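A.B. asks: for reference, the sequence and a predicted model appear below.
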Amino acid sequence: MNPFKYTRAQTVATVMQSMSTNSNAKLLAGGTNLVDLMKEGVENPDELIDINGLKGTKFTSVTKLVSGANAGGVAIGALATNTDTANHPLIVKDFPLLSQSILAGASAQIRNMATNGGNLLQRTRCSYFYDTAMACNKRAPGTGCGAMEGINRMHAIFGWSGACIAVNPSDMNVALAALGAKVMVQGANGQARAIPFADFHRLPGDEPSKDNTLAPGELVVSIEIPKNKFAATSYYLKVRDRASYAFALVSVATGLEITGGKISSARIAMGGVAHKPWRALEAEQYLAGKQPTSDHFNAAALLEMKRAKPLEHNAFKVELGQRAIAYALSKAMKINAT
């Protein structure tokens, strides 16, 4: 690990000033991802800006929204921990999909430290990204992608490019995609903006080193989730190699709004399959107006997975994804599923 300067920020102005004067500075909250990357030599900041001292409920709390476009929804602060968020009464009652997804990730000890903002921004766990002896366009642009011709069992089957086939590792992000969240950020000029979650993370294209659409100097303040009508008909499924402390091979977050015995709206997002949380739009569109039956769920899943483009070692994810979508939809409706 290289030597670095440590700055403890007490105000947003201090954060913005430090970021504007040092492009190689990194923000430190829980540090559960960043510190690991520094130990491996993947990240080499010369300054860490500790933002845990920032005050204000918008950064640290889980708050019900009572006005504005998202009235009835919730705002989760970027500095609130994963544990506090997952176990908050508002989240457990009205957004159980988010609670389930967070509790499926990492371990209790890490969730106690990790923040919502850090989870949102965590980097891929691709082994070629972590190994500085291997070619990786995400870590070192222009060097190539070692995973493309290497062991790519854990890698993308949707939206990948010739430059990168890594996947987003977060469980929380998958649920937020299905919930139609917005990321609230503040820029160096003090101007705030809301980024729809679907636009926050990027597919790799020819710039895989860019994980998201944050502008230089922007700070994540909170994540707003609109009110929904599928708290009782939602489910998060995570399929992994072992039951604890493992990243998803495939995960599915789904919520179904039912009106008059039919699906009026479906939300389906997948993890472990793309560089960003993958909205299963084909499946969602197919289900609209149909009865919530196993046959329809299977047909929707098959339709979505026809779009997959598997690699040498991860073709199994196509059938796994199909079964996972159908299973998660059935569990959301409390239908027996196999």
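C.D. replies: In hand now; what should we look at?

A.B. asks: most remote residue from the chain's center?
C.D. replies: Using Cα atoms, centre = their mean, the residue of the chain lying farthest from its centre is Gly260. It sits 32.5 Å away.

A.B. asks: just the pLDDT at that one, thanks.
C.D. replies: pLDDT for Gly260: 98.

A.B. asks: any idea how far it lies from Thr254?
C.D. replies: Using Cβ to Cβ, to the nearest Å, Gly260 is found at 20 Å from Thr254. For the C-beta atoms, the positions are set from N, CA and C on the backbone; glycine is no exception.

A.B. asks: same question for Asn2.
C.D. replies: Distance check for Asn2 against Thr254: by Cβ to Cβ, it reads 43 Å.

A.B. asks: looking at those two, which is more packed in?
C.D. replies: Thr254 (33 against 9; other Cβ atoms under 10 Å).

A.B. asks: surely the more buried one forms part of a strand?
C.D. replies: Yes: per DSSP: H, G, I helix; E, B strand; the rest coil, Thr254 lies within a strand segment.

A.B. asks: what's the neighbour count on the residue lying closest to Pro277 once chain neighbours are set aside?
C.D. replies: Nearest residue to Pro277, sequence neighbours excluded (Cβ to Cβ, 6 or more residues apart in numbering): Ala177, at 3.7 Å. Per other Cβ under 10 Å, the neighbour tally for Ala177 reads 26.

A.B. asks: so Ala177, which of the three states?
C.D. replies: Strictly by three-state DSSP, Ala177 counts as helix.

A.B. asks: could you pull out the helices for the stretch 151-300 of the chain?
C.D. replies: Here the stretch 151-300 of the chain has its helices, by DSSP state H, counting those that start in this stretch, at 172-178, 197-200, 281-287, 294-305.

A.B. asks: which of those sits closest to Glu312?
C.D. replies: Among the helices of the stretch 151-300 of the chain, helix 294-305 comes nearest to Glu312, with 18.0 Å by Cβ to Cβ.

A.B. asks: domain parsing for this structure?
C.D. replies: Taking automatic domain parsing as the reference, the chain has its domains at 5-53, 57-121+168-225, 231-332.

A.B. asks: thank you kindly, that will do.
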